[in-house]
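Asker: what follows is a predicted structure for the sequence shown.
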Amino acid sequence: MRKVTVTCIVCPSSCRVSVREGGEGLEISGHQCRRGLEHARNEVKNPMRMLTATIAVTGADFNLLPVISSAEIPKKMLIPCLRTVYGLRVQAPVKEGSVILRDVCGTGVDILAARTITRAPAG
């Protein structure tokens, strides 16, 4: 039997939720709401995370473009996805919300520009 304590991040209460895995499934206690129950269950069974990073940009006053995933990806896929994202390079201009990479590592999640970057003035 494995016991895990999860701090819920869904609402400002930040409940400390205890999750016990046993032969009969999960025993979850300490949550103050249904959302806390779901968060704890998901965190133990299939943890998900947003991916945020920066990638190289050329032709702009800035060297880096912040990017973010369009949805959460499985935590176990973060490192492979980051390796792929860090290999990207874009040319300015880039508009915030533009898709930089579709379906990163087969997750079904897109990588989006998190900022508008304009082309550097000539000269």
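Answerer: Now that the structure is in, tell me what you want to look at.
Asker: any stretches of the protein with poor pLDDT?
Answerer: In the predicted model of the chain, residues 123 satisfy pLDDT under 70.
Asker: which residue is nearest the middle of it?
Answerer: The centroid of the chain falls nearest to Met50 when counting by CA atoms, centre = their mean (0.9 Å).
Asker: which residues are in contact with it?
Answerer: With contact set as CB atoms under 8 Å, 6 or more residues apart in numbering, Met50 has these partners: Ile68, Ser69, Ala71, Glu72, Ile73. The way it works is simple: take the backbone N, C-alpha and C, and place the C-beta from them, glycine included.
Asker: which residues sit against the helix of greatest length in the chain?
Answerer: Using DSSP state H to define each element, the chain has its longest helix at helix 34-45. Among residues not part of helix 34-45, those counted as contacts by CB under 8 Å, 6+ apart are 4, 6, 8-11, 13, 15, 17, 19, 21, 26, 28, 31, 48.
Asker: can you list the strands that the next helix or strand after that helix pairs with?
Answerer: Counting by DSSP states H and E, the next helix or strand C-terminal to helix 34-45 is strand 48-49. With DSSP bridges as the test, strand 48-49 is paired with strand 73-74 (antiparallel).
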